[in-house]
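take a look and give me a structure for this.
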Amino acid sequence: MKNSKNITACAVLLAGGRGTRFWPRSRTRTPKQLLDIVSSKSMLRETVDRLAPLFAENRLWVVTNEQQAAGVRRELPRVPRKQLLAEPVGRNTAAAIGLAAIHLAQAHGDALMAVLPADHHIADAAQYRKVVRAAMKIASSPGSLVVLGIPPSRPETGFGYIERAGAATRVEGIPAYNVRRFTEKPNAARAKTYVASGRYFWNAGMFFWRVSTFLECLQKYLPKTWHALGELQQFVGTPRYARALKVIYPRLENISVDYAIMEPATRSRAAHGKSLKRGTERVFVLPAKIGWSDIGSWAAVHELLARKPGGNVSTGDSFALDATDNFLWSRKKFVATIGVRDLVVVETNDALLICPRERAQDVGKIVKWLEEKRRHDLL
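Numbering: from 1, shown residues only. Below is the predicted model:
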């Protein structure tokens with residue numbers, strides 16, 4: 001994909017998460033993004049296919065980790081191997097995006113970056129691509145930081161929010177707003193206020209900017225990480241890169257890009273008001289009504305796949321008698337349910353999960369317990 005100024009545009013897919021709430025299917029080497037959660041394809045493959053009209057596979061970069069790198073390579077055999085970047089240790093999204101940025105700078109100079117999660121579901125792919133095109137056009141201007149905002153459908157307390165400011169301008173038919181502020185995950189009362197105001201969006205972690213814009217922000221707001229990445233960049237494409245990565249990468253700060261870049265950039269703009277100084281970032285949010293879900297738990301999968309209220313969702317052969325609202329996953333076994341409701345049942349070769357749907361968010365606690373007990377056979 002090229003923008004109007006013929007800057008090379010690349011998609012950077014963040015694919016290093018573990019997806020612990022999808023245990024027992026999600027494991028260290030086969031995390032959520034490598035699983036077929038909502039269709040016959042892995043979530044990573046769905047992400048790539050959704051982007052195919054915009055980004056050829058030689059314009060895709062994937063940031064993962066050493067444990068998952070082999071699985072990513074198997075899933076995306078046509079993505080050049082050098083564009084699959086494996087972190088030696090996890091350092092959150094600011095570092096992961098920074099790693100991609102220095103590689104893009106070496107390969108394409110001041111490229112455009114679309115930074116996207118690899119494990120989200122988007123029902124309206126065509127509208128999503130329209131919004132992405134508009135976001136890339138805005139992001140082509142130096143100093144512009146763009147985030148997609150999901151119009152909230154409920155007062156959700158598990159997401160961060162973005163507050164828009166002022167009136168919208170339209171870019172390729174898509175409204176774009178200045179960002180007033182990023183806010184933390186609110187309590188229930190505040191979430192209701194946010195949704196009722198009509199000024200807030202969910203932050204789905206989809207960002208757009210030029211490589212130079214991101215690195216300048218990194219230098220300004222996270223100088224220690226910027227210096228370390230600058231040191232690492234000297235080794236990109238050389239035989240010494242792998243060793244340098246292992247030595248330098250653990251020095252990067254462990255912080256999300258929201259905290260590290262987006263929030264201070266928004267505060268910087270607010271402090272300067274309308275008389276923006278040269279180099280001051282401009283932060284925009286584009287509403288993205290695209291049928292988005294982060295698919296954060298087994299309960300979310302049930303919500304997405306249930307065909308009618310009270311319906312059971314089963315991925316295999318099953319029978320239900322007076323049983324409603326259950327999620328049943330078993331590849332090899334027939335599952336029969338009688339007189340139960342609101343359950344999650346997930347069976348693998350070595351483990352069985354049974355929990356109420358309302359407790360599906362707690363599945364990650366099982367993984368923490370297994371880690372404490374050093375049950376690596378189940379991790």
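
any figure for the gap between residue 304 and residue 54?
Residue 304 sits 24 Å away from residue 54, taking CB to CB, to the nearest Å as the criterion. Just so you know, the C-beta spots here come from the backbone N, C-alpha and C atoms, and that holds for glycine as well.

domains for this protein, by residue range?
9-293, 298-378 (automatic domain parsing).

okay, helices next: where are they in the stretch 51-200 of the chain?
69-75, 92-108, 125-139, 188-197 (DSSP state H, counting those that start in this stretch).

may I have the last one as PDB, with CA atoms only?
Presented in PDB, the C-alpha positions along helix 188-197 are these (Å, rounded to 0.1, in the frame of the first residue of the first chain):
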ATOM      1  CA  ALA A 188     -19.200   1.400  36.600                       C
ATOM      2  CA  ALA A 189     -20.700   4.800  37.500                       C
ATOM      3  CA  ARG A 190     -18.100   6.700  35.500                       C
ATOM      4  CA  ALA A 191     -18.400   4.300  32.600                       C
ATOM      5  CA  LYS A 192     -22.200   5.000  32.400                       C
ATOM      6  CA  THR A 193     -21.400   8.700  32.400                       C
ATOM      7  CA  TYR A 194     -18.900   8.200  29.600                       C
ATOM      8  CA  VAL A 195     -21.300   6.200  27.400                       C
ATOM      9  CA  ALA A 196     -24.200   8.600  28.000                       C
ATOM     10  CA  SER A 197     -22.200  11.700  27.000                       C
END
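
neighbouring contacts of it?
Residues from elsewhere that reach helix 188-197 (CB atoms under 8 Å, 6 or more residues apart in numbering): 152, 154, 155, 156, 157, 161, 163, 183, 186, 200.

of those residues, keep whichever come out buried.
Buried subset of the contacts of helix 188-197 (neighbour count, 16 or more other CB atoms under 10 Å): 152, 155, 156, 161, 163, 183, 186, 200.

confirm residue 204 sits in a helix?
No: read with DSSP: H, G, I helix; E, B strand; the rest coil, residue 204 is strand and lies in no helix.

what about it, how many residues close to it?
When counting by other CB atoms under 10 Å, one arrives at 22 neighbours for residue 204.

so residue 120 touches residue 47, yeah?
Yes: in this structure, residue 120 is within contact of residue 47 by CB atoms under 8 Å, at 7.4 Å.

possible to save the buried ones among the contacts of helix 188-197 as JSON lines with distance to residue 176?
Output for the buried ones among the contacts of helix 188-197, formatted as JSON lines (distance: CB to CB, whole Å):
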{"residue": "152", "distance to residue 176": "18"}
{"residue": "155", "distance to residue 176": "25"}
{"residue": "156", "distance to residue 176": "23"}
{"residue": "161", "distance to residue 176": "18"}
{"residue": "163", "distance to residue 176": "15"}
{"residue": "183", "distance to residue 176": "19"}
{"residue": "186", "distance to residue 176": "24"}
{"residue": "200", "distance to residue 176": "16"}
